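**Q** quick one: sequence plus predicted model below, questions after.
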Amino acid sequence: MTHRKREAARPLRNPFEYGRELGRDELVDRKDELRQVVRSLENMGKLFLIGPRRYGKTSLLAAAASVAADSGTTVLRYDAERYESLDLLAAALLSGATRFLASTTERAGALLARVAGALRPEIAYDIKDQSVRVSLGAAKDAAENALPVLVDVLDAIERMAEATERPVVVILDEFQHIIKQGGETAERQIRAAVQTHRHVGYVFAGSATRMLADMTSDPGRAFYKLGARLFLGLIPRDEFTVFLRGGFEQAGFTVDAAALVRILELAHDVPYSVQRLAHECWEGLRVDASEATAGDAPQLTVDHVERALVRMLQQEDAAYTQIWNSLKLQQKRALKAAIVEDGRALLSSDVSRRHRVPTGSMQKALAALDERGIVREESVAGAVRYVLEDPLLGRWLRWSQQLAAP
Ligand SMILES: Nc1ncnc2c1ncn2[C@@H]1O[C@H](COP(=O)(O)OP(=O)(O)O)[C@@H](O)[C@H]1O
Ligand SMILES: [Mg+2]
């Protein structure tokens, strides 16, 4: 009559995390990449880290930054996308540098006067953060064109590093955002400044694979050969599989190997999406566990993964619907075409006819979807393919609109 509930001697915490930046002990694989980034930081080098969204750039940078900080390097890591203007980013960088390199407000004042006087810095002590905050008088005058301010701040940080004899590295995440805002002038001016810096190392990281790749590989562009390039790819399947299996088994679940393959397939191996789906599977197994009689450990099966996928799509329904509704008609058709055609030959007349989008409009729509970070162009063996940045969005569209499977 009374089923004995399995009581939780197992940890409650879901081991699969998505969305936040991971700590250095949480990364699957990435050992070589981590070593490369850390070496570059230690050498005060200049490195471009290039990879699609959600592949783990920010997590890798966080890990590298924490290794470098442990060995006494001052790490200034900023995400360019978080600031609505370049002068706010510039002020944040200078505040960060000042906080690290000057221990008191008086010293900060003296240091800033020496290395950044022209920027007319104003120092405030922020009681809440208990730290120094710098705002820039110069930026207020330069509202329209804040780029020189950013460049001046980078120069000031170089002088600070020299004056304080401390190793400093600047890590700019979502770097393409700066170039998008500042254009070609930005590229040229930043390059001109950065290439003379000897006391500051740089990592420029970005998601716009194509744009950053072009910026750094085209001899006509300013960043050509400014630094080394590291392309972040997918996490090898066997490493991810070991990690996934471990997460489930540690909680006392058993695992059918085919189920792990299914998770990786559905998520197209994209680290974020893999973790998202694995997270949902794990939650499902916990519910099963609480309802099962003692003795039979719940098992992760392919069927379980499929059900977890549907639950996840239901949870994300509102968010995905919002993205979908924000698209123009041709963009919707182009997105569907990308899913149904597996991203191939989208500019052919066949596909154009099947999906009722003229080739020219298809091209425009795909460019708009690319710009929005929804699809991305990938060249495989000379052929162009459009892939969804979030493979689970493709699953959602199939699920909600009953699209034919390819
Ligand atoms: N090395 C990794 N191992 C396991 N999961 C990862 C790894 N890198 C990224 N992820 C997953 O992807 C998510 C997004 O990572 P993030 O570093 O923010 O990517 P990006 O900056 O490239 O968009 C993380 O929250 C995590 O779920
Ligand atoms: Mg990121």
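**A** Thanks, I have it. Ligands and ions are numbered 1, 2, ... in the order given.

**Q** whichever helix or strand Gln181 is part of: which residues count as buried?
**A** Taking DSSP states H and E as the definition, Gln181 sits inside helix 176-194. By 16 or more other C-beta atoms under 10 Å, the buried positions in helix 176-194 come out as 176-179, 181-182, 186-191, 193-194. Using the backbone N, CA and C atoms, a C-beta is placed for each residue, glycine as well.

**Q** try stretch 307-320
**A** Buried residues in stretch 307-320 (16+ other C-beta under 10 Å): 308-309, 312-313, 316, 320.

**Q** where's Val387, which helix or strand?
**A** Per DSSP H and E, Val387 falls inside strand 383-388.

**Q** and the gap between Ala251 and Ser131?
**A** According to C-beta to C-beta, to the nearest Å, Ala251 and Ser131 sit 40 Å apart.

**Q** who's more crowded, these two?
**A** Neighbours per residue, other C-beta atoms under 10 Å: of Ala251 and Ser131, the larger number sits with Ala251, 20 against 15.

**Q** just the CA atoms from stretch 232-246 would do, formatted as CSV, please.
**A** The C-alpha atoms that make up stretch 232-246 are tabulated as CSV, following Å, rounded to 0.1, in the frame of the first residue of the first chain:
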residue,chain,number,x,y,z
LEU,A,232,36.7,28.1,-30.4
GLY,A,233,35.0,25.0,-31.7
LEU,A,234,32.6,22.5,-30.2
ILE,A,235,33.5,20.3,-27.2
PRO,A,236,34.5,16.8,-28.4
ARG,A,237,31.6,14.4,-28.0
ASP,A,238,33.5,11.8,-25.9
GLU,A,239,34.4,14.5,-23.4
PHE,A,240,30.9,15.8,-23.2
THR,A,241,29.5,12.3,-22.9
VAL,A,242,31.8,11.5,-19.9
PHE,A,243,30.7,14.7,-18.2
LEU,A,244,27.0,14.1,-18.9
ARG,A,245,27.1,10.5,-17.7
GLY,A,246,28.9,11.6,-14.6
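
**Q** report the buried residues of that stretch.
**A** Buried-residue list, stretch 232-246, by 16+ other C-beta under 10 Å: 232, 234-235, 240-241, 243-245.

**Q** state the next helix or strand along the chain beyond the helix or strand of the chain with the lowest mean pLDDT.
**A** Least confident helix or strand of the chain, by mean pLDDT, DSSP states H and E, is helix 137-141 with a mean of 67. Per DSSP H and E, helix 137-141 leads on to helix 147-164 as the next helix or strand towards the C-terminus.

**Q** next, the angle helix 176-194 makes with that next one.
**A** Interaxial angle, helix 147-164 versus helix 176-194 (axes from the mean of the first three to the mean of the last three C-alpha atoms, to 10 degrees): 50 degrees.

**Q** next secondary structure element downstream of helix 147-164?
**A** With secondary structure assigned by DSSP H and E, helix 147-164 is succeeded by strand 168-173.

**Q** give me the mean pLDDT for that following strand.
**A** Strand 168-173 carries an average pLDDT of 96.

**Q** residues contacting the residue lying closest to Ala365 once chain neighbours are set aside?
**A** Once flanking residues are discounted, Ala365 sits nearest to Ala334: 3.7 Å by C-beta to C-beta, 6 or more residues apart in numbering. Contacts for Ala334 (C-beta atoms under 8 Å, 6 or more residues apart in numbering) come out as 346, 355, 357, 361-362, 365-366, 369.

**Q** out of those residues, which is nearest to Leu327?
**A** Within these, the smallest distance to Leu327 is 7.8 Å, found for Leu369 (C-beta to C-beta).

**Q** name the element the closest one belongs to?
**A** helix 359-371.

**Q** which of the buried residues of stretch 307-320 fall in helices?
**A** Among these, DSSP state H puts 308-309, 312-313, 316, 320 in helices.

**Q** about what we covered before: just the closest of the buried residues of stretch 307-320 to ligand 1, please.
**A** Using C-beta to the nearest ligand atom, Met312 comes nearest to ligand 1 of these, at 13.9 Å.

**Q** from Trp399, how far off is the closest one?
**A** In terms of C-beta to C-beta, Met312 sits 10 Å off from Trp399.

**Q** next to ligand 1, which bits of this protein? Give me the list.
**A** 17-22, 27-30, 51, 53-59, 235, 271-272, 275 (C-beta under 6 Å from any ligand atom).

**Q** let me see the domain layout of the protein.
**A** 31-231, 237-323, 329-401 (automatic domain parsing).

**Q** contacts for stretch 108-120 next, please.
**A** Stretch 108-120 has contacts (C-beta under 8 Å, 6+ apart) with 94, 98-99, 101-102, 121, 123, 132, 134, 136-139, 149, 152-153, 156, 159-160, 163-164.

**Q** recalculate using a threshold of 10 Å.
**A** Stretch 108-120 is contacted by residues 90-91, 94-95, 97-99, 101-102, 104, 121-123, 125, 131-142, 148-149, 152-153, 155-164 when judged by C-beta atoms under 10 Å, 6 or more residues apart in numbering.

**Q** hmm, which of those residues are the buried ones?
**A** So, by 16+ other C-beta under 10 Å, the buried ones in these are 90-91, 94-95, 97-99, 101-102, 121, 123, 132-136, 138-139, 142, 148-149, 152-153, 155-161, 164.

**Q** right, and Arg198 touches Glu162 too?
**A** Yes: counting by C-beta atoms under 10 Å, Glu162 is a contact partner of Arg198 at 7.8 Å.
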